[in-house]
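A.B. asks: turn this into a structure:
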Amino acid sequence: MGGNPHKEKPRRLPWLAASAVAICAAWGGLAAPAMATPAPAADTVRTDPSFPPELNARIEARDYKGALTLLGTLPDLLQTEKGFLLRIHLLEMTYQDDKAAILLEHRLSKDPNDGLARFEIAELHFRHRREKQATLDYRLALAGGLDGDRAGAAYKRLEGIIQRKSWHVWAAGSLTGNNGSTNDTTDITRLAIFGLPFSETAPGSGKTGPAFSGYVGAGRLTLLRPGVGIRTNILVTGTHDPGHLYDSHSISVQTGPEWQVGRFSHVSVTGRAIAQWLGNDLAQTGGGFALHGDTYGHDQLWAADISEDRLNVRYKNIGVGWNTRAEVKRIRYLDASTLWIFDAVAQRRGATFETLTFQEQQIKAGRLFQGPFSTFVYLEAAGRARQYDRNPLFSGLHRSDTYGQLTARFSKRDVLIFGAVPYVSVQASRNQSDITAYSNSRTRVDFGLTSDF
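C.D. replies: So this is what the prediction gives:
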């Protein structure tokens, strides 16, 4: 975070002044307003009587570095709620946003339900136009409980994120262990061709090493009039896997109208085009449409998607098929650091050959919570059932697979790299098929960067 002060939006002087006034009022014997966590009584902080007017004078003169230095001479004061908040605001005013974010994350590690600290983190992300991170933190802060003014500000920020006109960009990457065998630690779905899993090793290549996967996306909302706009998203993905015959990369573009049907409710219809390559060869093209709707309120988000794509798979001459997919998701925000996710998907994948045509049902449930050492911990259990139209080995029989997966992901919130945080993920999965050759157990460890958790 941080940046050129000439390119930043003006910092929040009113709340900065309010923090200083609150501290001075405490020393003057006035009652302090209630805070998210108990603060020491005013008389437990001993200071020179000249401190409050000197602090105010430096702030009024916009000498924020001087005010920060003066504040640092009283470590006892920095342990109080008001002193801590003032320090955060002074760090923001001096463009030390990374340091402010780290201090806030440390505070949340001690008090996961500190909605005020979560709100301040959201403000930092909002200022740097990190919509995904800011949205998550504002919603968690609201679930953690905010005073009326800050709750109102959080809702306005969420509206502002939705209506931002300029392009915004998001990205992530991961490194996965790989020993180069067909039943190794890699996940075969990483090389899936829009739902059809393939896993091949390069014959005699002897290539081993970690696999790298990443993506970068860009989106923009072009408002036509209040409540109506055109949403455009572009997504590029890539996988480099030394243990397999092909690297994979893809690009998808989707655009279409979006309507705001409530303060935090939206409906969109988008057309999209998709292309995927294996190595240097075009493996698949396709296009279709998607209908999306979502609504947020009362500390929960509901979202639903229905899509239909016609895909032409050139890899192995699989041919043309329709992919129909429906998904429902619910996220429940419990407090400033905790949420539940439930997701259900039904899919029908067509292909020229019946042995590659299937229908699938998938559910997953995950819980996010604050962990030790300024981490987020995300635990997820997922299950999937897939039924193929025809067994690839025996005519007249139907192949059926069941798949289970457990994931534990740990993201370090107080380490910032271009606005993202590092994470490590451990995943164990088991696929059980009525064709023994397709049954397998896998484990995988990922390292990477993420913009949420």
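A.B. asks: where are the low-confidence patches of this structure?
C.D. replies: 1-48, 165, 177-209, 243-246, 395 (pLDDT under 70).
A.B. asks: using the centroid of it, identify the residue furthest from it.
C.D. replies: The centre of the chain is farthest from one residue, Pro49, which by CA atoms, centre = their mean lies 47.1 Å away.
A.B. asks: A strand includes that residue, no?
C.D. replies: No - counting by DSSP: H, G, I helix; E, B strand; the rest coil, one finds Pro49 to be coil, located in no strand.
A.B. asks: next, work out how far apart it and Thr324 are.
C.D. replies: 74 Å (CB to CB, to the nearest Å). The way it works is simple: take the backbone N, C-alpha and C, and place the C-beta from them, glycine included.
A.B. asks: go on, Phe353?
C.D. replies: Distance from Phe353 to Thr324, counting by CB to CB: 18 Å.
A.B. asks: and Met93, by the same measure?
C.D. replies: Distance, Met93 to Thr324, by CB to CB: 53 Å.
A.B. asks: please apply the same query to Ala171.
C.D. replies: Distance of Ala171 to Thr324, given as CB to CB: 30 Å.
A.B. asks: quick one on the thing from earlier: which of Met93 and Thr324 has more residues huddled nearby?
C.D. replies: Met93 (21 against 15; other CB atoms under 10 Å).
A.B. asks: hmm, that one is touching Tyr64, no?
C.D. replies: Yes - contact criterion CB atoms under 8 Å: Met93 and Tyr64 qualify, at 4.1 Å.
A.B. asks: for Phe410, give me its contacts.
C.D. replies: 371, 375-378, 423-425 (CB atoms under 8 Å, 6 or more residues apart in numbering).
A.B. asks: residue contacts, the spatially most central residue of the chain?
C.D. replies: The C-alpha lying nearest the average C-alpha coordinate of the chain belongs to Asp452 (CA atoms, centre = their mean; 2.7 Å). When contacts are counted by CB under 8 Å, 6+ apart, Asp452 is found next to 132-133, 136.
A.B. asks: can you check Ala326 too?
C.D. replies: Neighbouring residues of Ala326 by CB under 8 Å, 6+ apart: 304-307, 345-347.
A.B. asks: now swap in Lys110 and tell me
C.D. replies: Under the criterion of CB under 8 Å, 6+ apart, Lys110 has no neighbours.
A.B. asks: against Ala61, how distant is the nearest residue to Ala420 once chain neighbours are set aside?
C.D. replies: Using CB to CB, 6 or more residues apart in numbering and skipping the chain neighbours, the partner closest in space to Ala420 is Leu449 (4.1 Å). Separation of Leu449 from Ala61 (CB to CB): 40 Å.
A.B. asks: out of those two, which sits in the more crowded spot?
C.D. replies: Using other CB under 10 Å, the more surrounded residue of Leu449 and Ala61 is Leu449, with 19 against 10.
A.B. asks: mind telling me what element that one is part of?
C.D. replies: In this structure, Leu449 is located in strand 440-450 according to DSSP states H and E.
A.B. asks: buried ones in that strand, by neighbour count?
C.D. replies: 440, 442, 444, 446, 448-450 (16 or more other CB atoms under 10 Å).
A.B. asks: for stretch 129-139, same thing?
C.D. replies: Going by neighbour count (16+ other CB under 10 Å), the buried part of stretch 129-139 is 130-139.
A.B. asks: which parts of this protein are strands?
C.D. replies: 168-176, 211-225, 228-240, 248-262, 265-278, 281-297, 300-313, 319-335, 338-349, 358-371, 375-388, 400-412, 421-433, 440-450 (DSSP state E).
A.B. asks: which among those strands is found nearest to Leu108?
C.D. replies: With respect to Leu108, and counting by CB to CB, the nearest of these is strand 358-371 at 6.1 Å.
A.B. asks: strands paired with that closest one, and their directions?
C.D. replies: Partner strands for strand 358-371, per DSSP bridges, with pairing direction: strand 338-349 (antiparallel), strand 375-388 (antiparallel).
A.B. asks: as TSV, the ones you listed with mean neighbour count and distance to Gly115 would be great.
C.D. replies: Putting the strands paired with strand 358-371 into TSV (neighbours: other CB atoms under 10 Å; distance: least, CB to CB, whole Å) gives the following:
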stretch	mean neighbour count	distance to Gly115
strand 338-349	17	12
strand 375-388	17	16
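A.B. asks: between the ones you listed, which one is nearest to Gln79?
C.D. replies: With CB to CB as the criterion, Gln79 lies closest to strand 375-388 of the strands paired with strand 358-371, at 23.0 Å.
A.B. asks: just the CA atoms of the closest one, as CSV, please.
C.D. replies: Extracted in CSV, the C-alpha atoms of strand 375-388 (Å, rounded to 0.1, in the frame of the first residue of the first chain):
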residue,chain,number,x,y,z
THR,A,375,-3.7,-15.3,10.1
PHE,A,376,-7.0,-16.1,8.5
VAL,A,377,-7.9,-19.8,8.6
TYR,A,378,-10.3,-21.2,6.0
LEU,A,379,-11.5,-24.8,6.4
GLU,A,380,-13.6,-26.4,3.6
ALA,A,381,-15.3,-29.7,3.0
ALA,A,382,-16.5,-30.5,-0.5
GLY,A,383,-18.3,-33.5,-2.2
ARG,A,384,-19.1,-34.3,-5.8
ALA,A,385,-21.0,-37.0,-7.6
ARG,A,386,-20.6,-37.4,-11.3
GLN,A,387,-22.5,-39.8,-13.6
TYR,A,388,-21.3,-40.5,-17.2
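A.B. asks: now it and strand 440-450, what's the angle there?
C.D. replies: For strand 375-388 against strand 440-450, the angle by axes from the mean of the first three to the mean of the last three CA atoms, to 10 degrees is 140 degrees.
A.B. asks: can you count the residues close to Gly287?
C.D. replies: Residues lying near Gly287 (other CB under 10 Å) number 16.
A.B. asks: what's opposite it in the beta bridge?
C.D. replies: Applying DSSP bridges to Gly287 gives these bridge partners: Ala273, Arg310.
A.B. asks: pretty sure it is touching Thr255, no?
C.D. replies: No - look at Gly287 against Thr255 with CB under 8 Å: they stay out of range, at 11.9 Å.
A.B. asks: ok, so what distance separates the nearest residue to Arg390 once chain neighbours are set aside from Trp167?
C.D. replies: Using CB to CB, 6+ apart and skipping the chain neighbours, the partner closest in space to Arg390 is Glu354 (3.8 Å). Distance from Glu354 to Trp167, counting by CB to CB: 43 Å.
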